[in-house]
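>>> Provide a 3D model corresponding to the input given below.
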Amino acid sequence: MTEAANHSLDLYCGSDPPKAVEILTNLSVPTIILYSVLTLMAVIANLVYFEEVIYLIRKVPATNRRATIMWVSGLSPVIASTSCVGMWVPLASMITDLTTAVYIAIALHKFQEMIIEEFGGDEIFLKHFENTLVTFSTGPCCCCCPCLPAAKMSRRLMIMLKLGTFQLAFLRPVLMIFTLVLWVNGTFDPDDISPSGPAIWINTSLGVSTVVALWPVSIVFNKVKGELKSQKIIPKFILFKISFILNQLQALIINITASTGSIACAPPFSSTARGIYMNQQLLIMEMFIITLISQIYYRRKYHAKEIDGKQPTVKTHEGQNHLNGSITEGERSNV
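You can find the predicted model right below:
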């Protein structure tokens, strides 16, 4: 029996893992009702997202701006969907977790692009903030380092900030595919954190890469949050951070609780499997709520000039008018 098969046994109380059909047929009536309600939540979240995609296709020109909005607003429905699949098919939890991790990495990079696109694009962003100071003493890397020197915004600095998020969008899928290959071959055990195992090195690399990617997003956000208040960029940033933290931190807390034995084993599931189930169920409910709230900020009214592919103007620090993606409250109207 391979190590991957042995690891699958750890999810169950017993010598052999039960078949998926056996698990489903042995569910109690309250559990079936709970699963049905959670599945309905995941379906509604996806329907709401698909309706938003149709709205964006109709109201926003086929530009990078529309694509980034779709990527970012799809984060919570994707997490709800993968959690729902993992809830019904426990043995697929490894694959669904990897899928979620890859999407989050790409969405983080797309969120940074969305901020710049909402401002009007790279050129307008540079014109507006050219030679203005950029503060680096922000989280999660340097929030406790107020003495860090500021730098002037330039094209080179903007490229470096973009590369900071792109490295995660590139590195995480590569490492996830590598992890999946090792898991299928029976050489990867998520619970093996010894220096001789691959899990500790893969997780450490992903942790460092994630922290480094979050830093430039915070830098860009702090630079534009005052300019894009009419675009509701602050609540969008908060919703994205909540989704990210819930998916990462919540799973870590539950896994630690399960590993210490605080979550009891309930046949046919072990304490680890029950912890995974609890996290998936909580994520479905949380992402359902976040998806509904997101509609308030992403499914907004667009100005007629935006529909034509043009951008409204905004005054720069020098008093010159430049095209910008922001819309004043007085300019908003139905198209």
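>>> How confident was the prediction at the most centrally placed residue in the chain?
Most central in the chain under C-alpha atoms, centre = their mean is Ile104, positioned 3.4 Å from the mean C-alpha point. pLDDT for Ile104: 92.
>>> and it, what element?
Per DSSP states H and E, Ile104 falls inside helix 93-119.
>>> low-confidence ranges in the stretch 51-200 of the chain?
Residues of the stretch 51-200 of the chain meeting the criterion pLDDT under 70: 137, 139-148, 191-192.
>>> Tell me where it has strands.
Secondary structure of the stretch 51-200 of the chain by DSSP state E, counting those that start in this stretch: the strands cover 133-134, 151-152.
>>> Just send those strands back as JSON lines, with distance to Leu47 too.
For every residue, glycine as well, the C-beta is placed using N, CA and C. Shown next, in JSON lines, are these (distance: least, C-beta to C-beta, whole Å):
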{"stretch": "strand 133-134", "distance to Leu47": "41"}
{"stretch": "strand 151-152", "distance to Leu47": "45"}
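>>> So which of these is nearest Leu292?
Leu292 sits nearest to strand 133-134 of all the strands of the stretch 51-200 of the chain, at 35.1 Å, using C-beta to C-beta.
>>> Let me know how buried Thr39 is, in neighbour terms.
Using other C-beta atoms under 10 Å, Thr39 has 16 other residues around it.
>>> my guess is it meets Ser81, correct?
No. Applying C-beta atoms under 8 Å as the test, Thr39 and Ser81 come out as separate, 10.2 Å apart.
>>> End to end on stretch 238-256, go ahead and measure it.
26 Å (C-alpha to C-alpha, to the nearest Å).
>>> Quick check: which ranges of the stretch 201-335 of the chain have low pLDDT?
264-269, 300-335.
>>> Can you show me the helices along it?
Applying DSSP state H, counting those that start in this stretch to the stretch 201-335 of the chain gives helices spanning 233-245, 251-259, 271-298, 304-307.
>>> what sits against Ile296?
Ile296 makes contact with Pro235 under the criterion C-beta atoms under 8 Å, 6 or more residues apart in numbering.
>>> how near is it to Pro198?
43 Å (C-beta to C-beta, to the nearest Å).
>>> Buried residues of stretch 193-206, list them for me.
Neighbour-count burial for stretch 193-206 flags Gly197, Pro198, Ala199, Ile202, Leu206 (criterion: 16 or more other C-beta atoms under 10 Å).
>>> What of stretch 280-290?
By 16+ other C-beta under 10 Å, the buried positions in stretch 280-290 come out as Gln280, Gln281, Leu282, Leu283, Ile284, Glu286, Met287, Phe288, Ile290.
>>> Could you do stretch 177-185 as well?
So for stretch 177-185, counting by 16+ other C-beta under 10 Å, buried means Thr179, Leu182, Trp183.
>>> go on, stretch 78-95?
Judged by neighbour count using 16+ other C-beta under 10 Å, the buried positions of stretch 78-95 are 78-87, 90, 93-95.
>>> now, the most widely separated pair of those residues?
The most widely separated members of the buried residues of stretch 78-95, counting by C-beta to C-beta, are Val78 and Pro90 (19.5 Å).
>>> coming back round to it: got the strands of the stretch 51-200 of the chain as CSV, with mean neighbour count columns?
Formatted as CSV, those follow (neighbours: other C-beta atoms under 10 Å):
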stretch, mean neighbour count
strand 133-134, 14
strand 151-152, 12
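>>> Compare those and report which one is nearest to Thr63.
Smallest distance to Thr63 across those (C-beta to C-beta): 25.9 Å, for strand 133-134.
>>> Could you list the paired strands of that closest one along with their orientation?
Using DSSP bridges, the strands paired with strand 133-134 are strand 151-152 (antiparallel).
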